[in-house]
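Chemist: Sequence first, then the predicted structure:
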Amino acid sequence: MNPEPSNSSPAAGAGIDSRWKQMGNFEKAAIVDQEIRRVQLLPPNSRYASHRLRILQKMQQLLSIQRTTSQDQELELLFAGLQI
């Protein structure tokens, strides 16, 4: 998941983004799958869990297709917003 502390500086967040860009699709998919399994352990009626699960499923969908540049950007924004 995220080895950085949750109160990390914006510069640390930039490091996470660059690390995400350097990963291959297999690594990204593994991280998203792991986060999906973690979120599925949360209470099913939790708004947080259901929203996060929808975002993770969107990321999973984008990872499974041949992406356009705009879809790549959307995937990067989703990842940055989730901080996984």
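Modeler: Happy to help now that I have it.
Chemist: Going by neighbour count, which residues in the lengthiest helix in the chain are buried?
Modeler: In the chain, taking DSSP state H as the definition, the longest helix is helix 47-64. Of the residues in helix 47-64, 49, 52-53, 55-56, 59, 62-63 count as buried by neighbour count, 16 or more other Cβ atoms under 10 Å. No exception for glycine: its C-beta is placed from N, CA and C like everyone else's.
Chemist: can you redo the residues you listed as TSV with distance to residue 39 and pLDDT?
Modeler: Formatted as TSV, the entries for the buried residues of helix 47-64 read as follows, by distance: Cβ to Cβ, whole Å; pLDDT from 0 to 100:
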residue	distance to residue 39	pLDDT
49	5	94
52	5	93
53	5	94
55	9	92
56	6	94
59	12	90
62	17	87
63	16	88
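Chemist: hmm, back to that, what are the contacting residues of the longest helix of the chain?
Modeler: With contact meaning Cβ atoms under 8 Å, 6 or more residues apart in numbering, helix 47-64 is reached by 25, 28-29, 32-33, 35-36, 39-40, 42-44, 71, 74-75, 78-79, 81-82.
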